[in-house]
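K.L.:
Kindly generate the corresponding structure for this input.
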Amino acid sequence: MRIAILGASGRTGGTLLGQALERGHEVVALVRTPAKVTVPAPSRVEVRQADVTVERNFPGLGDVDVAVSAIGIGKGDGPGALVAGARALAAADVRTVWLGALGAGVSSRSGGLIYAGVMRMFVGRELAEKAEADQIALAAGATVFHAPDVTDGPLSPTRRTVPLAELRRPLLPPRISRTTLASLLLDEAEAGRHGAGIVVPLS
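P.N.:
Numbering: from 1, shown residues only. Below is the predicted model of the structure:
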């Protein structure tokens with residue numbers, strides 16, 4: 001399978017890239033600054049410069065089977081980067097797995113009361129943009145992952161993905177390791193089991 005990874009130079013994107021290669025896939029790494037991406041297997045990775053905030057600088061994706069977005073709002077990014085990314089992938093007309101955040105939009109209370117408070121405190125104004133980007137991705141048919149707080153850690157043997165409607169609200173703030181999250185994103189990219197809708201990755 002040929003998988004495009006948007007944000008491949010970030011921590012989650014880099015983890016996705018490594019795992020995709022381990023699974024035998026070809027990867028198209030979409031990054032704003034190509035020099036920042038580490039390519040462990042040059043023969044199976046094509047790096048394309050892609051700036052979602054400049055429409056003419058976003059490459060075509062007609063040669064990939066699926067795109068996985070791992071972009072977030074980084075330091076120095078002004079408002080609108082996530083929305084621009086969702087629009088860019090929607091315009092590319094490719095099956096997409098979009099990484100969003102538990103606690104944004106329709107999942108605002110799904111992580112529990114403590115988690116909702118933490119999200120408002122530390123994410124705050126970004127929540128509205130995350131929710132808007134999710135809606136654009138959903139309208140284009142994407143599977144949207146509402147991931148809880150991402151941490152370092154090993155691959156969880158009990159990992160699973162559930163539709164948001166089936167999530168049981170936890171008492172304590174949920175977390176997931178970056179390795180586990182990347183694995184579940186790739187599972188969905190490969191199988192397309194959930195289709196358009198919001199799902200939650202769990203450890």
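K.L.:
what packs against the helix or strand bottoming out on mean pLDDT in the chain?
P.N.:
For the chain, scoring each helix and strand by mean pLDDT, DSSP states H and E identifies helix 113-122 as the least confident one, at a mean of 84. Using 3 or more Cβ pairs under 8 Å, 6 or more residues apart in numbering; DSSP states H and E as the contact criterion, no helix or strand is in contact with helix 113-122. Bear in mind the C-beta positions are built from the backbone N, C-alpha and C, glycine included.
K.L.:
Can you mark which positions in that helix are buried?
P.N.:
Taking 16 or more other Cβ atoms under 10 Å as the neighbour-count basis, helix 113-122 is seen to contain the buried residues Y115, A116, M119.
K.L.:
quick check, nearest of those to R159?
P.N.:
Among the buried residues of helix 113-122, Y115 lies closest to R159 (Cβ to Cβ), at 19.1 Å.
K.L.:
Determine how far the last residue of stretch 150-160 lies from the first.
P.N.:
With Cα to Cα, to the nearest Å as the measure, the first residue of stretch 150-160 is 15 Å from its last.
K.L.:
Quick one: mean pLDDT over stretch 150-160.
P.N.:
With pLDDT averaged residue by residue, stretch 150-160 scores 97.
K.L.:
need the buried residues of helix 113-122 in TSV with distance to A50, can you?
P.N.:
TSV is the format used below for those (distance: Cβ to Cβ, whole Å):
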residue	distance to A50
Y115	32
A116	33
M119	28
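K.L.:
where does the residue nearest the centre of the chain land in three-state SS?
P.N.:
The chain has L99 as the residue nearest its centroid, 2.4 Å off, counting by Cα atoms, centre = their mean. State at L99, reduced to three classes by DSSP: H, G, I helix; E, B strand; the rest coil: strand.
K.L.:
quick one: it from P42, how far?
P.N.:
In this structure, L99 and P42 are 26 Å apart, going by Cβ to Cβ, to the nearest Å.
K.L.:
Can you show me the strands along this protein?
P.N.:
Chain-ordered strands for the chain, with DSSP state E as the definition, fall at 2-6, 26-31, 45-49, 66-69, 96-101, 143-147, 149-151, 160-163, 175-177, 197-202.
K.L.:
Of all the ones you listed, which one is nearest S107?
P.N.:
By Cβ to Cβ (comparing all of these), the closest turns out to be strand 143-147, at 4.7 Å.
K.L.:
what's the neighbour count on the nearest residue to A196 once chain neighbours are set aside?
P.N.:
Take A196 and drop its neighbours on the chain: the residue closest to it by Cβ to Cβ, 6 or more residues apart in numbering is G141, 4.6 Å away. By other Cβ atoms under 10 Å, 14 other residues sit near G141.
K.L.:
quick one, what contacts G141?
P.N.:
The neighbours of G141, taking Cβ atoms under 8 Å, 6 or more residues apart in numbering as the test, are R95, T96, G195, A196.
K.L.:
Quick check, pLDDT for it.
P.N.:
With respect to pLDDT, G141 scores 98.
K.L.:
try E190
P.N.:
The predicted local confidence for E190 comes out at a pLDDT of 98.
K.L.:
Counting neighbours, what do you get for it?
P.N.:
Other residues within reach of E190, judged by other Cβ under 10 Å, total 16.
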